[in-house]
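Participant: Model the structure of this input:
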Amino acid sequence: MSSKKREIDLHHLWQEQGTGGPAQEPLGRSECVRLRRTEDVYAHACHITAWQQLYDQLRPGAFQGELDEVWLKGLQFFRERTSHALHQSCMVWPGAFWFGIPFATQAQGYIGRRQIDTESIAVRPGGREFELSTPDDYGILGLVVDRGLLQEQLEFQGQAQTLCLLEEHTVLHLDAAHKQRLCMYIDEALEVAAKAPASMGTPAVGKQLSHELLLVLLAALQGAQTVDLDCSVTSLRKRQIVSRAREYVLDNPSDHVTVLDLCQRLHVSQRTLQNCFLEVIGRSPMNYLKAVRLNAVHRELGSPYSTFNTVQDAAMAWGFWHMGQFSRDYLTHFGARPSHTLAERARLSTAW
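Facilitator: This is a model prediction of the structure:
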């Protein structure tokens, strides 16, 4: 554990040395089916096998997360539900492609600066960081396919050009019927896995299910179309400002970044910064900065890889100087005291 501890960055994603991928089982788990229910945003972000994820919980209150996940040969699929609005930094395991399909009745989220509407899916290759912004009570289906396996099948089916589409675009529009069929297959497979998890480990079942999912995915991708960026240049700039602000805060924990610091760093007025944050995430820059810093301390207190062993040290590292006010803010935001999170560190470490 000690060698890995030196490599972990609790506030930025880190690139694995080597090729990674499902065959190596980076988290050391061999079971095919995992069903998780969490009340901690940090633990929830750690649960998706072989991914790297950082979740910032933006709205105060006790978090609820659900994750149902199945691993087959060269293929991973899951259903995720989160109770609170989140800003996520994500990286899929190298040598793969991820397809993210929001629930049909879902409020719209964003991948980077692009909106994921009800007719579209999100796509990203493995080993590359991307950002997701999701609203309260969000649900999404995920399908991750080994790149070599997907490329082989695309070429065999005469769809080799689709690989370039997946590399270059983050959002694709799918035919409604094909998208519904893909969602149905994933949902039904997850339901069977939850009721009879041992069946997923049967070679015949695993092969049949993975091939059927691949066929449904290939059919959906055959008619996939790129999605034009439908927001204005002004809206894009506002999202970029918010994204750069978050990155700067996490890059400079000891500087206790303030609203004035962001204005100077991003070359914008306080009014412009305020408008950007209110439009993009519905919160003021000051409230957002506090949320990001609280989440950073939350990760430090909950992670076995943290170098901080006291609440005060972790809080002060992120600019919280009034311990009484910090404890109250922490309790309001996460529904638990910071001392409780620290005490639970050993239990939460099993998520890694």
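Participant: hey, let's count contacts and neighbours off CA atoms from now on
Facilitator: Fine.
Participant: just so I have it, where are all the helices in the stretch 101-250 of the chain?
Facilitator: In order along the chain, the stretch 101-250 of the chain carries the following helices (DSSP state H, counting those that start in this stretch): 147-156, 162-168, 176-195, 203-222, 233-251.
Participant: With only the CA atoms kept, save the third one in CSV.
Facilitator: Meaning helix 176-195. C-alpha atoms of helix 176-195 as CSV (Å, rounded to 0.1, in the frame of the first residue of the first chain):
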residue,chain,number,x,y,z
ALA,A,176,-34.3,6.5,-30.7
ALA,A,177,-35.3,2.9,-31.2
HIS,A,178,-31.7,1.7,-31.2
LYS,A,179,-30.9,3.7,-28.1
GLN,A,180,-33.9,2.3,-26.3
ARG,A,181,-32.9,-1.3,-27.2
LEU,A,182,-29.4,-0.7,-25.9
CYS,A,183,-30.8,0.6,-22.6
MET,A,184,-33.2,-2.3,-22.3
TYR,A,185,-30.4,-4.9,-22.8
ILE,A,186,-28.2,-3.2,-20.2
ASP,A,187,-31.1,-2.8,-17.7
GLU,A,188,-32.2,-6.4,-18.1
ALA,A,189,-28.7,-7.8,-17.8
LEU,A,190,-28.2,-5.8,-14.6
GLU,A,191,-31.5,-7.1,-13.2
VAL,A,192,-30.5,-10.7,-13.9
ALA,A,193,-27.1,-10.1,-12.4
ALA,A,194,-28.6,-8.7,-9.2
LYS,A,195,-30.9,-11.7,-8.8
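Participant: Number the residues from 59 up from this point.
Facilitator: Taking 59 as the first residue, the last one we looked at is helix 234-253.
Participant: thinking again about what came up before, please produce a markdown table containing the helices of the stretch 159-308 of the chain, extended by distance to residue 120 and mean pLDDT.
Facilitator: Output for those, formatted as a markdown table (distance: least, C-alpha to C-alpha, whole Å; pLDDT from 0 to 100):
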| stretch | distance to residue 120 | mean pLDDT |
| --- | --- | --- |
| helix 205-214 | 38 | 94 |
| helix 220-226 | 37 | 92 |
| helix 234-253 | 26 | 94 |
| helix 261-280 | 35 | 94 |
| helix 291-309 | 23 | 84 |
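Participant: I'd like those helices as TSV, with distance to residue 388 and mean neighbour count appended.
Facilitator: Compiled in TSV, the helices of the stretch 159-308 of the chain are given as follows (distance: least, C-alpha to C-alpha, whole Å; neighbours: other C-alpha atoms under 10 Å):
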stretch	distance to residue 388	mean neighbour count
helix 205-214	41	16
helix 220-226	40	15
helix 234-253	35	16
helix 261-280	43	17
helix 291-309	18	16
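Participant: In JSON lines, list these along with distance to residue 377.
Facilitator: As requested, the helices of the stretch 159-308 of the chain are exported to JSON lines (distance: least, C-alpha to C-alpha, whole Å):
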{"stretch": "helix 205-214", "distance to residue 377": "43"}
{"stretch": "helix 220-226", "distance to residue 377": "39"}
{"stretch": "helix 234-253", "distance to residue 377": "43"}
{"stretch": "helix 261-280", "distance to residue 377": "47"}
{"stretch": "helix 291-309", "distance to residue 377": "11"}
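Participant: and the helix or strand encompassing residue 355, what other elements does it pack with?
Facilitator: Element membership for residue 355 (DSSP states H and E) is helix 343-360. Secondary-structure packing of helix 343-360 (3 or more C-alpha pairs under 8 Å, 6 or more residues apart in numbering; DSSP states H and E): helix 99-105, strand 110-115, helix 291-309, helix 328-338, helix 369-375, helix 396-401, helix 403-406.
Participant: if we look at it, which residues are touching it?
Facilitator: Contacting residues not belonging to helix 343-360 are listed as 68-69, 100, 114-117, 304, 307, 315-317, 331-332, 335-336, 364-369, 372-373, 376, 388, 391, 396, 399-400, 402-403, 406-407 [C-alpha atoms under 8 Å, 6 or more residues apart in numbering].
Participant: Narrow those residues to those that are buried.
Facilitator: Among the contacts of helix 343-360, those buried by neighbour count (16 or more other C-alpha atoms under 10 Å) are 68-69, 100, 114-117, 304, 307, 315, 317, 331-332, 335-336, 364, 366, 369, 372-373, 376, 388, 391, 396, 399-400, 403, 406.
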